[in-house]
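**Q** Need coordinates for the below:
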Amino acid sequence: MDRIPEDFFARPAEVVAKELIGMNLHRVTNEKTCALVVETGAYEGEARRSGKGLKYPPGIIHVHVGMGGYKTLAISTDEEGKDSAVTLRKALGSDGLFLAGPAMLTRELLIYPDLDEESIEDSFFWLSGTGVDPRYVRKILDKNRASNCLGYFRLDLEK
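**A** Predicted structure coming up:
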């Protein structure tokens, strides 16, 4: 399958986050791994702990290392210099393993900070596919989300 190009990400974070649901994540290490994106997050604007990755040009990977060393995979969106990114939060592995949260997703797909600042087009990590029908994407507004979080988007097969 063809890689999703950088210009796919040159749109508002909320639009990109919704359209990533149902796409395939690929990661090449010693063996190729694949997972289906089932939850994303959209972020725009500054927050108390906004990282430099929010300001990268669209389609650039950012691996944020938080408290406790937990990693979150983000991809910059919209335009360079603007605080805007999507996070990949949950996925279903090709082996049936549910990657339930950003830390587990990055650990199981071997996503490390050395991917930071790589283009989604040129990396050993990429996305492919077309996503799901928007009717099957549900927006979640968690009361504990970051101040710049526009919401989480999840695959909802119950519709």
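
**Q** buried sites along stretch 91-110?
**A** 91-93, 99, 102, 104-106, 108-109 (16 or more other C-beta atoms under 10 Å). Placement of C-beta: from N, CA and C, glycine included.

**Q** First-to-last residue distance for it?
**A** Counting by C-alpha to C-alpha, to the nearest Å, you get 14 Å between the two ends of stretch 91-110.

**Q** nearest to Gly66, of the buried residues of stretch 91-110?
**A** Taking C-beta to C-beta as the measure, Pro102 is the one of these closest to Gly66, at 8.8 Å.

**Q** Surely the closest one and Val63 touch.
**A** No - in this structure Pro102 lies outside contact range of Val63 using C-beta atoms under 8 Å: 10.2 Å.

**Q** what is in contact with those two at once?
**A** Common contacts of Pro102 and Val63, defined by C-beta atoms under 8 Å, 6 or more residues apart in numbering, comprise 71-73.

**Q** how far is the lengthiest strand in the chain from where the chain is centred?
**A** Ranked by residue count, the top strand of the chain under DSSP state E comes out as strand 32-44. Averaging C-alpha positions (C-alpha atoms, centre = their mean, to the nearest Å) puts strand 32-44 4 Å from its chain's average.
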